[in-house]
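Chemist: Structure for the following, please:
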Amino acid sequence: MIIMGIDTSSADLGVSVAAYGSPLSSVCRYVANSHAEHITQAVKTTLDLAGVNISQINRIAVSAGPGSFTGLRIGLSFVKGLSLNSDVKVLPLSSLMVLAHAVNCHTQRRVFTALDARQGRIHWSSFICSKGIISRLTEDRLSAPEELINELKGDDLLVTDTMGYTRSTVFGRFDGKTEIIDVSKNSLQRAVSCAVLGFYRLDEKSLWKRGSEVVPNYLQMSAAQEKLCV
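Modeler: Residues are numbered from 1 along each chain as shown. Model (predicted):
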């Protein structure tokens, strides 16, 4: 069983190939808003490094959101193309869960993951992490930062992603609240986590879909859509 993991939910583009739960290869690039220009080459490079042909891919696990509107759209469209006219099933994953898994914590503790959703809001969720196994504690949410601040305790781990926004200040108010891992300062292999999480869920057949059935989970309207609603 060979699973390809793809993550385009943030400023990084990640592609990984894993066999029977163990990563064979991974490519991670900071591409900001140019996922479309790099994803084909990243997939080819990852396959070449693994010594695997695209026809040998049995399943695809992909981050489906929340996250970058453009990145998610490009990643999921690419996955739909890969699985078109084939029996390859696709597992859509929460990008917040993928981020929690990518931290790879091995001592039991609560892990909170948060993305800058702009306009003073964040996407966030919480998980319990033990020996590499991730279990969800809360559903993915869109809220003001204060909602998450009220949930945090001193022994929690908070993983933050400014989504490539260099002027992001939304996470400044979390300083001193708990241990924080800033994605912009730490390289995390999210595509590897996609593939590994796929192996965890192989027996959950209802979660695996045809590529044409997978849709992004933005958790919010785009800025243009919000302006139309005003």
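Chemist: tell me the pLDDT at the residue nearest the centre of the chain?
Modeler: Using CA atoms, centre = their mean, the residue of the chain that lies closest to the mean C-alpha position is residue 95, 2.9 Å off. Each residue has a pLDDT score; the one for residue 95 is 98.
Chemist: Over to it: give its phi and psi.
Modeler: phi -70, psi -30 (degrees, to the nearest 10).
Chemist: any idea how far it is from residue 80?
Modeler: 18 Å (CB to CB, to the nearest Å). C-betas here are computed from N, CA, C, even on glycine.
Chemist: tell me the SS of the closest residue to residue 103 other than its chain neighbours?
Modeler: Take residue 103 and drop its neighbours on the chain: the residue closest to it by CB to CB, 6 or more residues apart in numbering is residue 159, 5.7 Å away. Classification of residue 159 using DSSP: H, G, I helix; E, B strand; the rest coil returns strand.
Chemist: Residue 159: neighbouring residues, count only.
Modeler: 24 (other CB atoms under 10 Å).
Chemist: you'd agree it is up against residue 111?
Modeler: Yes - at 6.7 Å, residue 159 counts as touching residue 111 under the criterion of CB atoms under 8 Å.
Chemist: what is in contact with these two at once?
Modeler: 100, 103 (CB atoms under 8 Å, 6 or more residues apart in numbering).
Chemist: any idea which element residue 198 lies in?
Modeler: helix 190-200 (DSSP states H and E).
Chemist: Return the distance of stretch 83-96 from the chain's centre.
Modeler: Offset of stretch 83-96 from its chain centre (CA atoms, centre = their mean, to the nearest Å): 14 Å.
Chemist: residues near the residue nearest to residue 220 when sequence neighbours are not counted, how many?
Modeler: With sequence-adjacent residues excluded and distances taken as CB to CB, 6+ apart, residue 220 is closest to residue 142, at 5.2 Å. Under the neighbour criterion other CB under 10 Å, residue 142 is assigned a count of 15.
Chemist: Spit out the contact partners of residue 142.
Modeler: Residue 142 neighbours (CB under 8 Å, 6+ apart): 66, 117, 121, 122, 123, 219, 220.
Chemist: again, only this time at 7 Å
Modeler: 117, 121, 123, 219, 220 (CB atoms under 7 Å, 6 or more residues apart in numbering).
Chemist: isn't the second one right up against residue 144?
Modeler: Yes - using CB atoms under 7 Å, residue 121 makes contact with residue 144 at a distance of 6.1 Å.
Chemist: Could you list the low-confidence segments of this structure?
Modeler: 221-230 (pLDDT under 70).
Chemist: Now do the domain split for it, please.
Modeler: 2-94+188-229, 97-185 (automatic domain parsing).
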